[in-house]
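Enquirer: take this sequence and fold it.
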Amino acid sequence: MSFTTIVDVLPVLYAFSMKKLAIVILAALSPLFGFHVSAQFVLDFESPTYSDGELVGQDGWTGTSDLFTVDTSTGNLEADGSSSGASLFVQQRLTASDLGVGDITNLTGTWEVDYVISIPTLGGGSILGDISLRTGSADSSANNFKTLSNFRLFESGRIRFDNTNYENAITTTGFNTVTLSLNFDTLQSTLLVNSSALATAGFVSDTQGYLDLVRLTKNSGVNYLVDSITVSQVPEPSTYALLGLGALGLLILRRRQSSQ
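Expert: Predicted structure coming up:
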């Protein structure tokens with residue numbers, strides 16, 4: 001069902017006395033129809049939050065200078081600084097407020113981190129960089145983070161995940177969505193490219209960890225682009241089931257009112 005179809009249904013929902021409740025349930029069911037209304041934490045590298053130039057020092061980003069730059073005309077983060085090397089990185093701390101939770105050290109369910117990435121020079125052989133999600137101390141002054149889940153991006157379009165290479169995971173120079181899906185109940189992470197799952201593995205380390213750091217590295221002189229990074233929680237199937245029962249109840253009520 002498309003968004004347009006849902007909008008067309010709204011006048012019908014307004015026809016009976018429970019109209020406000022119906023609209024609330026319809027909005028809650030919207031992920032089933034292909035769009036989301038849930039809160040998300042988005043890094044999109046656009047003005048006025050960001051300005052052109054060096055990333056480090058903007059919006060809480062720390063790490064190695066002259067590694068990534070921001071281009072607000074495109075809204076892209078560019079890994080095109082003169083510095084490069086596996087040990088050089090930029091990172092962004094995540095807080096409980098960012099994720100919309102009360103306790104970032106006790107995450108449950110499934111969380112997805114979507115990276116919208118482009119490789120302009122697709123076809124070369126260089127290692128572009130490692131992209132990782134890390135877990136660490138809730139103490140903001142500490143830096144003892146451990147890798148929770150990560151993947152390595154290659155200029156050829158290859159992605160390495162859990163020590164396995166996936167050739168031609170990215171096949172176009174346009175933007176592709178690479179997702180790390182973390183299940184904190186099963187302690188497993190799944191790699192997806194453009195919504196298609198490639199592999200699932202256990203968390204790399206510290207299985208009692210939580211998600212509080214996004215880190216990017218640049219391993220060579222070749223650039224890549226990041227359009228956005230989005231962190232969101234995946235609603236539980238049981239939530240959808242309850243909302244579906246609520247919607248069914250409203251339909252029954254509608255029919256009874258129509259017959260009277």
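Enquirer: confirm Asp98 sits in a strand?
Expert: No - read with DSSP: H, G, I helix; E, B strand; the rest coil, Asp98 is helix and lies in no strand.
Enquirer: ok, for it, nearest residue in space, not its chain neighbours?
Expert: Phe41 (4.6 Å; Cβ to Cβ, 6 or more residues apart in numbering). Bear in mind the C-beta positions are built from the backbone N, C-alpha and C, glycine included.
Enquirer: so what's the one you found up against?
Expert: Contact analysis of Phe41 by Cβ atoms under 8 Å, 6 or more residues apart in numbering lists 94, 98-100, 230-232.
Enquirer: before we move on, what about Asn219?
Expert: Counting by Cβ under 8 Å, 6+ apart, Asn219 has contacts 84-86, 126-130.
Enquirer: between those residues, which has the most around it?
Expert: Of those, Gly129 is surrounded by the most neighbours, 27 neighbours in total, counting by other Cβ atoms under 10 Å.
Enquirer: how about the secondary structure of Gly124?
Expert: Going by three-state DSSP: Gly124 is coil.
Enquirer: which residues does stretch 72-86 contact?
Expert: 44-47, 50-52, 55, 64-71, 118, 128-130, 216-221, 223-228.
Enquirer: output it in PDB with nothing but the alpha carbons.
Expert: Extracted in PDB, the C-alpha atoms of stretch 72-86 (Å, rounded to 0.1, in the frame of the first residue of the first chain):
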ATOM      1  CA  THR A  72      27.100  21.100   2.300                       C
ATOM      2  CA  SER A  73      26.200  21.800  -1.300                       C
ATOM      3  CA  THR A  74      25.700  18.000  -1.700                       C
ATOM      4  CA  GLY A  75      25.100  17.100   1.900                       C
ATOM      5  CA  ASN A  76      28.000  14.600   1.700                       C
ATOM      6  CA  LEU A  77      30.900  13.700   3.900                       C
ATOM      7  CA  GLU A  78      33.900  13.100   1.700                       C
ATOM      8  CA  ALA A  79      36.800  10.900   2.700                       C
ATOM      9  CA  ASP A  80      39.200  12.900   0.600                       C
ATOM     10  CA  GLY A  81      41.600  14.600   3.100                       C
ATOM     11  CA  SER A  82      45.400  14.300   2.600                       C
ATOM     12  CA  SER A  83      45.700  12.000   5.600                       C
ATOM     13  CA  SER A  84      45.100   8.200   5.400                       C
ATOM     14  CA  GLY A  85      45.900   5.100   7.400                       C
ATOM     15  CA  ALA A  86      44.200   2.200   9.200                       C
END
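Enquirer: helix, strand or coil for the nearest residue to Leu122 once chain neighbours are set aside?
Expert: Leaving out its chain neighbours, the residue that sits closest to Leu122 by Cβ to Cβ, 6+ apart is Thr173, at 4.8 Å. Following three-state DSSP, we place Thr173 in the coil state.
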